[in-house]
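Asker: could you work out the structure for the sequence below:
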Amino acid sequence: MIEETARVLRTEAGHAWVEVERKSACGSCSISSGCGTASIARYLGRKGRMRLRALDPVGVRPGDRVVIGLEEGPMMRGMIRVYALPLAALLLGALGGELVVRSLALEVRDLGALLGGALGFLGGLHEVRRFSRRVASDDRYQPVILRRMDVSVPVVVADMRAGTHSR
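Answerer: Reported below is the predicted structural model:
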């Protein structure tokens, strides 16, 4: 499960709107000064706030700091569907368009590949839209509040030298 901290903005029946601070890992490695991805992250800004709706089995209140989680399996399936499907549809459409033009013995192969790729890409985007609507109410694809971050509970730290615990 992927976990992130958030702050509760408002609550609804069984759900809470939370604000998560987005972070980028780019810029923290040793080659970030020469990396294109790190440059883009610096240009767009590393941090920002993202608001989202999460399932609330805990019963939180506005202002609470919480830990939210999302299962890796559904997230990976969703990412593949959203990112890979349009790309695969574009490539297959381009190949199909070129094959159709070739079978008709036309001399405009590039135009066939271009039109086929565009139609395939649009079809892939249409399927992503259908998928997004279908999973919008599916709890497996929704973030869930796992627990409150209660700062009033003392943290027990083990003292390795003395073999005792301190608070």
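
Asker: just the buried residues of stretch 62-81, please?
Answerer: By neighbour count with 16 or more other C-beta atoms under 10 Å, stretch 62-81 contains the buried residues Asp64, Val66, Ile68, Gly69, Leu70, Gly78, Arg81. Where C-beta positions appear, they are placed from N, C-alpha and C, glycine not excepted.

Asker: lowest-pLDDT helix or strand in the chain?
Answerer: Of all regular secondary-structure elements in the chain, judged by mean pLDDT, DSSP states H and E, the least confident is strand 157-159 with a mean of 44.

Asker: now the longest helix seen in the chain: average pLDDT?
Answerer: With DSSP state H applied, the helix covering the greatest number of residues in the chain is identified as helix 109-135. The predicted model assigns helix 109-135 a mean pLDDT of 92.

Asker: just name whatever secondary elements the very next helix or strand once past it is in contact with.
Answerer: Once helix 109-135 ends, the next helix or strand along the chain (criterion: DSSP states H and E) is strand 144-148. Packing partners of strand 144-148 (3 or more C-beta pairs under 8 Å, 6 or more residues apart in numbering; DSSP states H and E): strand 48-55, strand 65-70.

Asker: switch to 10 Å and redo it
Answerer: Identification of packing neighbours for strand 144-148 by 3 or more C-beta pairs under 10 Å, 6 or more residues apart in numbering; DSSP states H and E yields strand 2-12, strand 15-22, strand 48-55, strand 65-70.

Asker: hey, which of those is tucked in deepest?
Answerer: Ranked by mean neighbour count, those are led by strand 65-70 with a mean of 18 (mean count of other C-beta atoms under 10 Å).

Asker: continuing past that strand, what's the next helix or strand?
Answerer: As assigned by DSSP H and E, the chain's next helix or strand after strand 65-70 is helix 72-79.

Asker: from the chain's centroid, how far away is that following helix?
Answerer: Offset of helix 72-79 from its chain centre (C-alpha atoms, centre = their mean, to the nearest Å): 9 Å.

Asker: and after it, which helix or strand comes next?
Answerer: Per DSSP H and E, helix 72-79 leads on to helix 85-103 as the next helix or strand towards the C-terminus.
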